[in-house]
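I would like to see how this sequence folds:
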Amino acid sequence: MEVPKGKKVYFSSDNHLGAPTKELSFPREKKFVAWLDTVKQDAAAIFLLGDLFDFWFEYKTVVPKGFTRTLGKLAEITDSGIPVYYFVGNHDLWMNGYFEEELNIPVFHKPQLFQLNQATFLIGHGDGLGPGDKGYKRMKKVFTNPVSKWLYNWLHPDLGVKLAQYLSVKNKMISGVEDTKFLGEDNEWLVQYCKRKLEQQHYDYFVFGHRHLPLEISLNQQSTYVNLGDWITYFTYGEFNGSTMTLKKFDLPNSK
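Numbers count the residues shown, from 1 in each chain. The predicted structure is shown next:
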């Protein structure tokens, strides 16, 4: 992908809209939509790295109620010709065509390699990567199994959504949420994952979410690991200006 002069590529992750309740997440949604309105002015592309919703499951003819402002803004952006790419997170594993068909947004279920100008990026949500976290990895295999999804599909949406929202908040293993304190490079599974990938191939940037912690870590003189933080505590996002990737914090124009 060529990033024209004066244009930028933006990255965002972990909004968890709907948590802990739709009412309490509504101000965060409005702030995120304001960010989308801001970045669309000079965006060459926008990457959303998962957990936009605290829960998302696509029945054959039903999707979870709400999030109209976010979905409408994304449709407006893609209709204007700005590409948006989505990477599923551990809270929205169950996407099955809605974003592609209704919003014209490609959806990825695994990390993907992108080249932006001369820089190579490995991009993904980040859950279940690297060593450790074996309990969650086993749980994820159950959740992504076609039989499991088929069985869950038979739950009435009112029951299915309510059950999933409860488990998303209450069960740490199911949610895949890690300790949001920096654990040190040797104990950060995504850092270890990136270092192992560099043994096979060079990447300029590894960009992930999931940790809810803004991080920029130099892996060597040429490669950097970036974690995008979240839109619950930090309101941080990534910005690539065609040559350099940086983390920034979004504040509403009238906020103090």
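
Who's the closest spatial neighbour of S218, skipping the chain neighbours?
T224 (5.6 Å; C-beta to C-beta, 6 or more residues apart in numbering). To be clear about C-beta, it is placed using only N, CA and C from the backbone, and glycine gets the same treatment.

For that neighbour, grab phi and psi.
The phi/psi pair for T224 (degrees, to the nearest 10) reads phi -130, psi 140.

ditto for G242
phi 110, psi -20.

Can you read off the pLDDT for K22?
Note on K22: pLDDT of 85.

right, and it touches G66 too?
Yes. Judged on C-beta atoms under 8 Å, K22 makes contact with G66 at a distance of 5.6 Å.

what packs against the helix or strand where K73 lies?
Counting by DSSP states H and E, the element that carries K73 is helix 68-79. Counting contacts by 3 or more C-beta pairs under 8 Å, 6 or more residues apart in numbering; DSSP states H and E, helix 68-79 is packed against helix 22-39, strand 84-87, helix 98-103.

Pick the most deeply packed of these.
strand 84-87 (a mean of 22; mean count of other C-beta atoms under 10 Å).

Now do that one: which elements does it pack against?
Contacts defined by 3+ C-beta pairs under 8 Å, 6+ apart place strand 84-87 against strand 43-48, helix 68-79, strand 107-108.

Including mean neighbour count and distance to E29, could those go into TSV?
Output for those, formatted as TSV (neighbours: other C-beta atoms under 10 Å; distance: least, C-beta to C-beta, whole Å):
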stretch	mean neighbour count	distance to E29
strand 43-48	22	14
helix 68-79	16	6
strand 107-108	17	20
